[in-house]
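Q: below are the sequence and a predicted model; questions follow.
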Amino acid sequence: LPRSRYLCAKVLASQRLEILRGRSLGQICHIVGLALHQRRLFGFADDCVVPLPQVAPALEAASLKEAQEGLLELMRRHGGSAVSEDAVHTWFRRRFGKDLSMAKLGFASLADFLCDLREKAARHSKSRRPAPGCASPPVPPGLLAEQTPPPASAAKGAFRPPPGLTRAEAAATSIPQHTSDVSGVAKKPKVKVALAPARRHRRRILTPIAEEAGPTHGREESWSSSASGSNASTACPMSPRSDPEEPAQVDGGDRC
């Protein structure tokens, strides 16, 4: 179509299209202007008006798992070759029939999504790789991993004699070891306490006290007998002194 809007409308009116039947030339000019500037149905190319390609209907956005699987397949097929981002989106639409929308997946660009995918693959491979020297022994059938005895190499490496003793001397000495049950909980060793020396010591302490108590009792009996004899021999009352060792004295002039 010609570049001029009027000439373009005149050509369209001369073709007698069903959609433009009954329209005047001015109305057709207005329709051409709307198609060029607002609706983007027409465009300019080489001083001509040409129809623009229409956008296909919106496709369903791919999920995170579908995007990861699709890009891994793309990298396996075209690994080592440079591919533009537009070519990746086009290939994904043709291969899976879905749109690879980075905004809906939560990423700013395709490069960020690829970096995240590479980090996840590296962590997964590192977690599945066994650490050197930490291989667990095979567990016999019918037993749990906690019930299996440790290997001999681990037991030899774990035993270290105290400083100043050889391995044979340390093994000869009796060292209380903590035992563990099936659940893995350590039990404290039982210690027996000897109580016989404490009882003997208590008897030794109480024996001198019993020996000292004997003479005191005899003194009290002698004092009571002497007091009764003095009361019988004297008619006047007397007051005993505070000292039990010395007998009470009665003045000779006050006898009855």
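A: That came through fine. Numbering: from 1, shown residues only.

Q: show me the shaky parts of the stretch 101-250 of the chain.
A: Filtered on pLDDT under 70, the stretch 101-250 of the chain yields the residue ranges 124-162, 164-165, 167-168, 170-250.

Q: would you put the C-alpha positions of stretch 59-66 in PDB?
A: Output in PDB follows, covering the C-alpha atoms of stretch 59-66 (Å, rounded to 0.1, in the frame of the first residue of the first chain):
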ATOM      1  CA  LEU A  59       1.100 -19.500  26.100                       C
ATOM      2  CA  GLU A  60       1.000 -21.100  29.600                       C
ATOM      3  CA  ALA A  61       4.100 -20.300  31.700                       C
ATOM      4  CA  ALA A  62       6.400 -23.200  32.500                       C
ATOM      5  CA  SER A  63       6.900 -24.200  36.100                       C
ATOM      6  CA  LEU A  64      10.200 -24.200  37.800                       C
ATOM      7  CA  LYS A  65      10.700 -28.000  37.300                       C
ATOM      8  CA  GLU A  66       9.800 -27.800  33.600                       C
END
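
Q: mind pulling up the pLDDT for Cys29?
A: Predicted confidence (pLDDT) for Cys29: 90.

Q: wait, it touches Ala9, no?
A: Yes - with contact defined as C-beta atoms under 8 Å, Cys29 reaches Ala9; the gap is 4.2 Å. Glycine gets a C-beta too; all of them are placed from N, C-alpha and C.

Q: neighbour count for those two, which is higher?
A: Ala9 (24 against 19; other C-beta atoms under 10 Å).

Q: OK, contacts around that one?
A: 25, 28-29, 31-32 (C-beta atoms under 8 Å, 6 or more residues apart in numbering).

Q: let's see 6 Å
A: 28-29, 32 (C-beta atoms under 6 Å, 6 or more residues apart in numbering).

Q: report the buried residues of stretch 99-107.
A: 100, 102, 105, 107 (16 or more other C-beta atoms under 10 Å).

Q: and what about Val50, helix, strand or coil?
A: strand (DSSP: H, G, I helix; E, B strand; the rest coil).

Q: and stretch 61-74, what's buried?
A: 62, 67-68, 70-71, 74.

Q: ok, which pair from those is furthest apart?
A: Ala62 and Leu74 (12.6 Å; C-beta to C-beta).

Q: could you find the closest non-adjacent residue to Leu72?
A: Leu117 (7.6 Å; C-beta to C-beta, 6 or more residues apart in numbering).

Q: what about the one you found, helix or strand, and which?
A: Leu117 belongs to helix 110-128 when assigned by DSSP states H and E.

Q: which ones are touching the closest residue to Ala62 other than its chain neighbours?
A: Nearest residue to Ala62 in three dimensions, chain neighbours excluded: Lys98, at 4.2 Å (C-beta to C-beta, 6+ apart). When contacts are counted by C-beta under 6 Å, 6+ apart, Lys98 touches 59-60, 62.
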